[in-house]
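Asks: coordinates only, sequence not included:
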């Protein structure tokens with residue numbers, strides 16, 4: 001007894017259905033895989049992990065990069081202004097050397113100008129003490145380079161007389177490679193400028 005042949009059109013329809021099912025299944029698998037990878041990447045970026053003493057893994061939520069940048073920028077500015085303006089006969093060379101690592105040629109040019117004007121010679125000659133009292137910086141981290149303005153209050157002790165000054169400085173911050181311990185925050189001050197310097201009294205400082 002002869003085996004009846006199947007209708008060729010039915011066979012082609014079945015083959016097409018199988019091929020389409022395989023293709024659709026593969027596409028869906030790829031889409032699900034991509035979604036899972038993206039989700040895992042976001043979770044990895046937003047979390048750090050440490051191993052506890054018992055071997056368990058503990059996720060730690062990271063602070064956003066923008067908040068972290070603002071903290072580092074403010075710390076960098078405070079460090080520079082402390083080194084550059086908090087000086088006396090015993091520490092000014094060491095402090096200025098550290099300050100120069102935090103800025104570009106604009107800082108170096110200002111340092112050379114002060115040196116030529118005899119600022120540091122007077123500190124040595126009269127044993128002056130220039131002490132920073134407060135540093136208040138404002139910085140715009142929305143666009144690069146980061147523009148800043150800093151108000152530094154410092155006093156100059158001349159022995160029997162102590163004068164208080166308010167200095168406003170401006171400039172930009174750019175990213176550079178971190179260099180421990182010379183530039184731990186990886187930020188460099190550029191276009192630095194001393195805008196205004198005025199003598200104030202104690203009452204003005206409290207306002």
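Replies: Yep, it's here. Being a predicted model, the structure only gives us computed values, none of them experimental.
Asks: could I get the average pLDDT for stretch 164-177?
Replies: Here the mean pLDDT over stretch 164-177 is 97, rounded to a whole number.
Asks: quick one: buried residues of it?
Replies: Residues 164-167, 169, 171-173 are the ones in stretch 164-177 that count as buried (16 or more other Cβ atoms under 10 Å). Bear in mind the C-beta positions are built from the backbone N, C-alpha and C, glycine included.
Asks: just give me the closest of the residues you listed to residue 24.
Replies: Distances from these to residue 24 were compared by Cβ to Cβ; the smallest belongs to residue 173, at 53.1 Å.
Asks: wait, what's in contact with the residue nearest the centre of the chain?
Replies: When the chain is reduced to its mean C-alpha position, the nearest residue by Cα atoms, centre = their mean turns out to be residue 69, at 3.4 Å. Listed by Cβ atoms under 8 Å, 6 or more residues apart in numbering, the contact set of residue 69 reads residue 141.
Asks: if you set the cut-off to 10 Å instead, what comes out?
Replies: Listed by Cβ atoms under 10 Å, 6 or more residues apart in numbering, the contact set of residue 69 reads 63, 139, 141, 146, 173, 175, 185, 187.
Asks: still on that earlier bit, strands - which of the buried residues of stretch 164-177 land there?
Replies: Among those, the subset assigned to strands under DSSP state E consists of 164-167, 169, 171-173.
Asks: wait, residue 150 sits on residue 132?
Replies: No - with contacts counted by Cβ atoms under 10 Å, residue 150 stays clear of residue 132, the gap being 11.1 Å.
Asks: which of these two has more neighbours?
Replies: When residue 150 and residue 132 are compared for neighbours, residue 150 comes out ahead with 22 against 18, by other Cβ atoms under 10 Å.
Asks: now the helix or strand that contains the more buried one: buried residues?
Replies: With the criterion set as DSSP states H and E, the secondary-structure element containing residue 150 is strand 146-157. For strand 146-157, burial by neighbour count (16+ other Cβ under 10 Å) applies to 146-148, 150, 152-156.
Asks: counting contacts, what elements does it pack onto?
Replies: In terms of contact count using 3 or more Cβ pairs under 10 Å, 6 or more residues apart in numbering; DSSP states H and E, strand 146-157 is assigned the packing partners helix 65-85, helix 119-126, strand 129-140, strand 162-175, strand 187-200, helix 202-206.
Asks: tell me the mean pLDDT for it?
Replies: With pLDDT averaged residue by residue, strand 146-157 scores 97.
Asks: adjacent strands (with direction) for it?
Replies: strand 129-140 (antiparallel), strand 162-175 (antiparallel) (DSSP bridges).
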